[in-house]
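Engineer: sequence first, predicted model second:
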Amino acid sequence: PAQLMAGKRGLILGLANDKSIAWGIAKALHAHGAELAFTYQGEALLKRVKPLAESLGSDFVLPCDVTDENSMDEVFAAIQEKWGTFDFMVHAVAFSDKEELKGKYLATTRDNFLRTMDISCYSLTALSQRAAPLMNEGGSIVTLTYYGAERVMPHYNVMGVAKAALEASVRYLAVDMGNQGVRVNAISAGPIKTLAASGIGDFRYILKWNELNAPLKRNVTIDEVGGSALYLLSDLGAGVSGEVHHVDCGYHTVGMVGIDAAEE
Ligand code: NAD
């Protein structure tokens, strides 16, 4: 099979376990010959991330908390030392207090607003700043977003506001990094049952709603998100930058499902 990522090296942030979207992406990249580095947040996750990385032939596993400048500095110092330069970065990191991922957006506190923005939005910029000097021409960055950035989804609340800012960041970063030949894009994934998603109120209802109303009448898998990330991170996506690409079984295109379709 064609090895779309042969000779390419990249960093994946946001792997927590084998349900993570980052895992679907890592598998697709590995299958196409990419060399991978991973970060984990906190010692508790190391015991999950290390064996997953090893199963994809990687022993390059680094701690990283995106709220900590030093911790981010150390990640890129390690990359510079081991690889010199690199080709791609996957940002699959988000956090909000789950007490505010239920009920009303109206109730959002300043503390959680700022923390959610910091971890889920600013981190892409902070990491891109550090990545830029090390990235090869033809490089590519992908982040993960959700339709709650564009339209109101139940309980998504402050995370929707952070994702809207994240999508705007993608466009600004695409311009700022474009002159060095680096592309920046987002994948807007449909709902998937992961650790992060389990913090969102009534998540099972969101999954069911999507399944019933998406054109494909089902939910996406992490492997499907992986396939789309492979396209954006490889040279297949060479002409694409600043884009928010929906991988959601078509859900975002639907205004209303007709009576016939609903009863099918
Ligand atoms: P996940 O729980 O597997 O991954 C979230 C990751 O964020 C974890 O690895 C966690 O360690 C990391 N993280 C949180 N705070 C951090 C910090 N301070 N420093 C470093 N890392 C930190 O869940 P996931 O659903 O795979 O989430 C990955 C991305 O996909 C997130 O941006 C999420 O918003 C996005 N997304 C998820 C869905 C979905 O339905 N699951 C849909 C669209 C977009």
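Structural biologist: Structure received.

Engineer: now the biggest helix by length in the chain: average pLDDT?
Structural biologist: If you go by DSSP state H, the chain has its longest helix at helix 157-178. The average pLDDT within helix 157-178 is 98.

Engineer: again with stretch 61-74
Structural biologist: 98.

Engineer: how long is it end to end?
Structural biologist: For stretch 61-74, the first-to-last residue distance is 12 Å (C-alpha to C-alpha, to the nearest Å).

Engineer: do stretch 242-257 as well
Structural biologist: Note: stretch 242-257 ends 30 Å apart using C-alpha to C-alpha.

Engineer: buried stuff in it?
Structural biologist: Residues 242, 243, 244, 245, 246, 247, 248, 249, 251, 252 are the ones in stretch 242-257 that count as buried (16 or more other C-beta atoms under 10 Å). Where C-beta positions appear, they are placed from N, C-alpha and C, glycine not excepted.

Engineer: count of neighbours near residue 157?
Structural biologist: By the criterion of other C-beta atoms under 10 Å, residue 157 has 26 neighbours.

Engineer: who's in contact with it?
Structural biologist: 96, 100, 101, 103, 104, 105, 108 (C-beta atoms under 8 Å, 6 or more residues apart in numbering).

Engineer: what do you get for residue 22?
Structural biologist: Counting by C-beta under 8 Å, 6+ apart, residue 22 has contacts 12, 13, 14, 15, 16, 90, 92.

Engineer: mind checking which helix or strand it is in?
Structural biologist: helix 21-31 (DSSP states H and E).

Engineer: residue 62 now?
Structural biologist: strand 61-63.

Engineer: contacts only, for the closest residue in space to residue 220 that isn't next to it in sequence.
Structural biologist: In space, and not counting its chain neighbours, residue 220 is closest to residue 190: 4.4 Å by C-beta to C-beta, 6 or more residues apart in numbering. Residue 190 makes contact with 147, 210, 214, 219, 220, 246, 247, 248, 249, 251 under the criterion C-beta under 8 Å, 6+ apart.

Engineer: and the residues you listed, which of them are in helices?
Structural biologist: residue 210.

Engineer: need the contacts of residue 190 in JSON lines (columns: pLDDT).
Structural biologist: Putting the contacts of residue 190 into JSON lines (pLDDT from 0 to 100) gives the following:
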{"residue": "147", "pLDDT": "98"}
{"residue": "210", "pLDDT": "96"}
{"residue": "214", "pLDDT": "97"}
{"residue": "219", "pLDDT": "98"}
{"residue": "220", "pLDDT": "98"}
{"residue": "246", "pLDDT": "98"}
{"residue": "247", "pLDDT": "98"}
{"residue": "248", "pLDDT": "98"}
{"residue": "249", "pLDDT": "98"}
{"residue": "251", "pLDDT": "98"}
